[in-house]
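>>> the sequence isn't on hand, but the structure is:
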């Protein structure tokens, strides 16, 4: 099992697990996930919810996963406290 964690607000998304905020990666280390959660709790809400940017961050993490095999499965959990900014339909998020 590997962990990834990104957050999004304002107009950007940032990886909380990765070599930099713009380079998400997956980690098998639960400590990395705990650090990401701790960091998340310290981030002030930026109000806007850029769904497209957040989904692109997840897509980038999956596409760049060097550990991916034909048997790899991904579960993406998307949690938001607001409506997408800018407004989008469900069809445009895929």
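Now that the structure is in, tell me what you want to look at. From a predicted model like this one, the values you see are computed outputs, not experimental measurements.
>>> now do the helices in this protein.
30-42, 51-63 (DSSP state H).
>>> please identify the most buried of the ones you listed.
helix 51-63 (a mean of 17; mean count of other CB atoms under 10 Å). Where C-beta positions appear, they are placed from N, C-alpha and C, glycine not excepted.
>>> against which helices or strands is that one packed?
Packing partners of helix 51-63 (3 or more CB pairs under 8 Å, 6 or more residues apart in numbering; DSSP states H and E): strand 6-9, strand 12-15.
>>> low-confidence stretches in the chain?
Judged by pLDDT under 70, the chain has its weakly predicted residues at 90-94.
>>> ok so, going back, between the helices and strands packed on helix 51-63, which one is nearest to residue 28?
strand 12-15 (16.1 Å; CB to CB).
>>> helices or strands next to the closest one in the packing?
Here strand 12-15 touches strand 6-9, helix 51-63, going by 3+ CB pairs under 8 Å, 6+ apart.
>>> turn the helices of the chain into JSON lines, including distance to residue 79.
Formatted as JSON lines, the helices of the chain follow (distance: least, CB to CB, whole Å):
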{"stretch": "helix 30-42", "distance to residue 79": "11"}
{"stretch": "helix 51-63", "distance to residue 79": "10"}
